[in-house]
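[1] below is the sequence, then the predicted model.
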Amino acid sequence: MTKYIFCTGGVVSSVGKGVTAAAIGRILKARGIKVTLQKIDPYINVDPGTMSPYQHGEVFVTIDGAETDLDLGHYERFVNINLTRASNFTTGQVYNAVIAKERRGDFLGATIQMIPHITNEIKQRIIQVGRLSEAEVVIAEVGGTVGDIESLPFLEAIRQMRTDVGRENTLYVHVTFLPYIGATGELKTKPTQHSVRELRGIGIQPHVIVARSDYPVSGEVVDKIALFCDVEPRGVIPLVTTPYLYEVPIMLEDAGLGDYLCDALLLPHRPPDLSEWREFVTRLKAPKPRLRIAIVGKYTALHDAYISVREALYHAGVANNYDIEIEWVYSGDLERGREWERLHNVDGIVVPGGFGYRGIEGKIEAARWARENKVPYLGLCLGMQVMCIEFARHVLGWEDANSTEFDKATEHPVIDLMPDQQSLTKMGGTMRLGHYPCVLKPGTKAGEAYSVREVLERHRHRFEFNNAFRAPFEEAGVVFSGLSPDGQLVEIAEISDHPFMVGCQFHPEFQSRPNQPHPLFNALVQAAIAYHRHRHKEVEHSTEEAPVPEGDDHTG
Ligand code: GLN
């Protein structure tokens, strides 16, 4: 019998419900329990693929090509699993499916209602994810905060599941926040009490309250929450803010949550093996020399838009015993001649994925700086396209070179729409999505980084390198080191006369894991270390000031 852990949030949003769900997955997996995770999003969009990163943050792509919530990235990284499209659904999908059934006549004359039709569809999707993955425990996180109108049908559905699948097979975790009142130096439990009351009004009595706080939580506060919210003291788990996300499973485990969940759900008691995880966290927290890597993007004010890129850099940093300090550089600033000092001071540059023209010229100039000054560079999707445009403009001398995404009339469309994208008119879910094989050329930077012949990588794009321009690029020193198995699509391009300038058409960041950094990020970090040492030595051995790079001719 599959068991279900439902995570809801109370008091305020953005307190780390997704990380908590992911961490619960990790501590159960550490006991040899097979888990899967699911994010339920109460918005009406069918998926986040059409939403602005300002609204939503990163769009995470699963192997089977679903555009999903960024919490799936936490789930995959914490539990080290590959999830599928079954692990994320929205109100939009639920209504779409129910209305399609109604039009087909599946309901035989019934009036279609929130209960039972919508709630049945929701429950069926929760049960389905467990079936498909053959998980012993499904951890389902309901997005939003208890009290939101949008989440009511989902809360009703998870309430019903307690009777449907049995009390011993369901457990409710409520993640709340304890505000701190500076004047009296107190943590307040009242908002948590109210949130639990709201939840009980819907018919859900939580078994576990994860109380997030920016300050240490006393035993007294724990007891108070237990008493007022009718939760066993063992079920009240304080979770104090940590700068290290990966510490959360350890904090939950050390607070006794793993054993408590096993007791409550009648799961077999096995000693948890978190040794590898603990070792990773110890290495993450240990003082290390610092490496500065720039992420040159468009949504740099909102770091959530590049969350998997950031994490992939951190993973590679730990593997190489360096602390990665990220310089968030807005490419629009580079266009206006600003922020160049920051870019000139980094040991490596990442240009991540993106859409639309804003900020493109700044990214092209950042790629130029990297190429001309031999700064290690990793281009992800758009970052690879930008690298090719820059090369065409400044090495091949085609000033108008561009992607047809930004200039339809260019005579040098080095990046162009993929043939199967030409006739598409719908935006949602129509890109080249999900994992595809990529064949590597031995002896190249990418070939060496991966040290295998073929890999599967995740994609999300409409444009690609235009094959009509392959020959001139190759003659001028670009190596196409990764191709689709039929040789038709350029998946990786690299500059031969450069220590590490590699662009990939896919998103390697989605596959990086804490203990298994992605080979391309690992190679970037290693190249950045070499570059850092080289720069450092130059400065040490020079009696003069370190050369100040000229910024003026790079302002675009
Ligand atoms: N906009 C580009 C394309 O559609 C790049 C997409 C991306 O970076 N994910 O091909």
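    Okay, I see it.
[2] do you know how far the spatially closest residue to V222 that is not a sequence neighbour is from V146?
    Spatial nearest neighbour of V222, chain neighbours left out: V236 (4.7 Å); criterion: CB to CB, 6 or more residues apart in numbering. To be clear about C-beta, it is placed using only N, CA and C from the backbone, and glycine gets the same treatment. Per CB to CB, to the nearest Å, V236 is found 17 Å from V146.
[3] again with L28
    Counting by CB to CB - L28 and V146 are separated by 24 Å.
[4] ok, the two, which is more surrounded?
    Each of L28 and V146 has its neighbours counted (other CB atoms under 10 Å); L28 has more, 27 against 24.
[5] hmm, the residue nearest to V222 is touching A211, no?
    Yes - taking contacts as CB atoms under 8 Å, V236 lies within contact range of A211: 6.4 Å.
[6] quick check: which ranges of the protein have low pLDDT?
    Across the chain, residues meeting the criterion (pLDDT under 70) sit at 538-556.
[7] just checking, what's the longest helix in it?
    helix 519-541 (DSSP state H).
[8] now do the buried residues in that helix.
    519-529, 531-532 (16 or more other CB atoms under 10 Å).
[9] so which of these is the closest to the ligand?
    Relative to the ligand, the closest of the buried residues of helix 519-541 is L520; by CB to the nearest ligand atom it sits at 15.0 Å.
[10] all helices of the stretch 251-400 of the chain, in order?
    257-264, 275-285, 307-319, 331-335, 340-344, 360-372, 382-394 (DSSP state H, counting those that start in this stretch).
[11] now do the third one against helix 519-541, angle only.
    It refers to helix 307-319. 60 degrees (axes from the mean of the first three to the mean of the last three CA atoms, to 10 degrees).
[12] if I pick the closest residue to D304 other than its chain neighbours, what's in contact with it?
    Nearest non-adjacent residue to D304, counting by CB to CB, 6+ apart: G57, 3.4 Å away. By CB atoms under 8 Å, 6 or more residues apart in numbering, the residues touching G57 are L70, L302, D304, A305, I307.
[13] roughly how far apart are P206 and I225?
    For P206 relative to I225 (CB to CB), the value is 11 Å.
[14] find residues that contact each of the two.
    V231.
[15] next one: T90 from D400, what distance?
    For T90 relative to D400 (CB to CB), the value is 41 Å.
[16] show me what from the stretch 451-556 of the chain comes close to the ligand.
    When proximity is defined by CB under 6 Å from any ligand atom, the stretch 451-556 of the chain lies next to the ligand at R460, H461, R462, F463.
[17] could you find the closest non-adjacent residue to the first one?
    If I follow you right, that is R460. R460 sits nearest to V61 (CB to CB, 6+ apart), 5.0 Å away.
[18] what's the burial count for the one you found?
    26.
[19] dump the residue contacts of it.
    Contacts of V61 by CB under 8 Å, 6+ apart are E67, T68, L433, G434, R458, H459, R460, H507, F510.
[20] any idea what it is bridged to?
    Beta-bridge partners of V61, counted by DSSP bridges, are E67.
[21] could you pull out the helices in the stretch 401-550 of the chain for me?
    445-450, 470-475, 519-541.
[22] quick one on the thing from earlier: overlap in contacts of V236 and A211?
    V222, I225.
[23] close to the ligand: what parts of the chain are there?
    G353, G354, F355, C381, L382, E405, R460, H461, R462, F463.
[24] closest one of those residues to W369?
    Nearest to W369 among the residues of the chain next to the ligand is L382, at 17.0 Å by CB to CB.
[25] what about the closest residue to the closest one other than its chain neighbours, how many residues nearby?
    Nearest residue to L382, sequence neighbours excluded (CB to CB, 6+ apart): G354, at 4.4 Å. As a burial measure, G354 scores 23 neighbours (other CB under 10 Å).
[26] touching, G354 and T300? I think so.
    No - taking contacts as CB under 8 Å, G354 lies outside contact range of T300: 10.9 Å.
[27] ok, W277 to the ligand distance?
    W277 sits at a distance of 31 Å from the ligand (criterion: CB to the nearest ligand atom, to the nearest Å).
[28] could you find the closest non-adjacent residue to that residue?
    P249 (6.2 Å).
[29] whichever helix or strand that neighbour is part of packs against which elements?
    Assigned by DSSP states H and E, P249 belongs to helix 248-254. Judged by 3 or more CB pairs under 8 Å, 6 or more residues apart in numbering; DSSP states H and E, helix 248-254 is in contact with helix 17-29, strand 236-240, helix 275-285.
[30] tell me which of the ones you listed sits nearest to E390.
    Among those, if distance is taken as CB to CB, the winner is helix 275-285, at 34.2 Å.
[31] how about the closest one: buried residues?
    For helix 275-285, by 16+ other CB under 10 Å, it's W277, F280, V281, L284.
[32] surely the third one meets M251?
    Spelled out, that is V281. No - if you go by CB under 8 Å, V281 and M251 don't touch, sitting 10.0 Å apart.
[33] which residues of the stretch 151-300 of the chain fall in strands?
    170-177, 180-181, 186-187, 208-213, 236-240, 290-297 (DSSP state E, counting those that start in this stretch).
[34] figure out which of these is closest to P413.
    strand 290-297 (23.1 Å).
[35] contact partners of that closest one?
    305-306, 309-310, 313, 317, 322-331, 334, 342-343, 345-352, 354, 359, 362-363, 366, 524-525, 528-529, 532.
[36] cool, and stretch 159-166?
    With CB under 8 Å, 6+ apart as the criterion, stretch 159-166 contacts M1, T2, Y4, F6, T119, K123, I126, I127, T170, I202, G203, I204.
[37] go again with 7 Å.
    Y4, T119, K123, I126, T170, I202, G203, I204 (CB atoms under 7 Å, 6 or more residues apart in numbering).
[38] ok, the third one to the ligand distance?
    Taken as CB to the nearest ligand atom, the spacing of K123 relative to the ligand amounts to 34 Å.
[39] if you skip the residues just before and after it, what's nearest to that residue?
    A157 is the one closest to K123 (CB to CB, 6+ apart), at 5.1 Å.
[40] show the contacting residues for that neighbour.
    T119, I122, K123.
[41] against the ligand, how distant is it?
    Distance from A157 to the ligand, by CB to the nearest ligand atom: 33 Å.
[42] re earlier: ok, of the residues of the chain next to the ligand, which one's closest to D420?
    R462 (9.5 Å).
[43] enumerate every residue touching that closest one.
    Going by CB under 7 Å, 6+ apart, the list of residues near R462 reads L417, M418, Q421, M431.
[44] identify the bridge partners of the spatially closest residue to the second one that is not a sequence neighbour.
    Nearest residue to M418, sequence neighbours excluded (CB to CB, 6+ apart): E464, at 5.0 Å. Taking DSSP bridges, one obtains D416 as the residues bridged to E464.
[45] this completes my enquiry, with thanks.
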